[in-house]
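In: Build me a structure from this.
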Amino acid sequence: MAEEITTKKVENLSENTEPADTDVYLFGASGSNTIKKIKWSNILAKLRSLLFVDSCASTETGYGLTAKQGKLLQDQVNALSAKIGNLKLLGIQEVWMSAPSAEVNGQSTASANFNPVPGAEQYFAVLKQHGWLTPTTVEISGTTLSCTFLNTSSGAHSGNATFVVLALANA
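Out: Residues are numbered from 1 along each chain as shown. The predicted structure is shown next:
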């Protein structure tokens, strides 16, 4: 015995504003006349994979961080805040550097000197802005700031960057 299917207009259906993971939705399969079903939990998993990345090391643009990575970053910020709580800021300098040309996915290095600050025990560089090439590693040795750049663009480019160098000492 065949079951009877009754039809209603979509606007006359009741609305479910809190879908459960096990709720099932119908959809038309791409390029065919086939109707398939999909669970809400699978829709969420697909959306998460398209919108979020679960790595702080990803350089892919257009993605948000997962909550797990957000917590990891917050824990690192809190740890750093605890460490620098006893530091005194003695000075701030802007340092600009120009990097030689790099091929696509290639690297280039550059360095620039900055003025020593009397009493400074350590220096800390913060990236302010950069051009075509993306700074990937930054090191300070004495009063020399060195940076490795990565070319993530579609052609060969040279680049530049501006850093803010903080001169710090124990309070």
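
In: which residues are contacting the helix or strand containing K46?
Out: Of the helices and strands defined by DSSP states H and E, K46 is found in helix 40-51. Contact with helix 40-51 is made by P19, A20, D21, T22, D23, V24, Y25, Y63, G64, T66, as judged by CB atoms under 8 Å, 6 or more residues apart in numbering. The C-beta positions use only the backbone N, C-alpha and C, and glycine is treated the same way.

In: Equivalent analysis for stretch 88-105, please.
Out: Contacts for stretch 88-105 (CB under 8 Å, 6+ apart): 108-112, 114-115, 117-120, 125, 128, 133, 145, 147, 149-171.

In: Can you name the next helix or strand after the biggest strand by length in the chain?
Out: Using DSSP state E, we find that the single longest strand of the chain is strand 87-102. Scanning forward in sequence from strand 87-102 by DSSP H and E, the next helix or strand is strand 107-113.

In: on that earlier part again, dump the contacts of helix 40-51 into a markdown table; add pLDDT and secondary structure as well.
Out: A markdown table is the format used below for those (pLDDT from 0 to 100; DSSP: H, G, I helix; E, B strand; the rest coil):
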| residue | pLDDT | secondary structure |
| --- | --- | --- |
| P19 | 84 | coil |
| A20 | 86 | coil |
| D21 | 85 | coil |
| T22 | 87 | coil |
| D23 | 84 | coil |
| V24 | 84 | strand |
| Y25 | 80 | strand |
| Y63 | 74 | coil |
| G64 | 78 | strand |
| T66 | 76 | coil |
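
In: Filter the residues you listed down to the buried ones, PyMOL style.
Out: If you want just the buried ones from those in PyMOL, going by 16 or more other CB atoms under 10 Å, the selection is:
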select buried, resi 66
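
In: For the helix ranked longest in the chain, which residues meet the burial criterion?
Out: Longest helix in the chain, counting residues (DSSP state H): helix 67-84. Under the neighbour-count criterion of 16+ other CB under 10 Å, helix 67-84 has Q69 buried.

In: Which elements pack onto it?
Out: Helix 67-84 sits against no helix or strand, with contacts defined as 3 or more CB pairs under 8 Å, 6 or more residues apart in numbering; DSSP states H and E.

In: Apply 10 Å and report the result again.
Out: strand 52-53, strand 64-65 (3 or more CB pairs under 10 Å, 6 or more residues apart in numbering; DSSP states H and E).

In: Which residues does that helix contact?
Out: Residues outside helix 67-84 that contact it (CB atoms under 10 Å, 6 or more residues apart in numbering) are 52-58, 64-66, 124, 166, 168.
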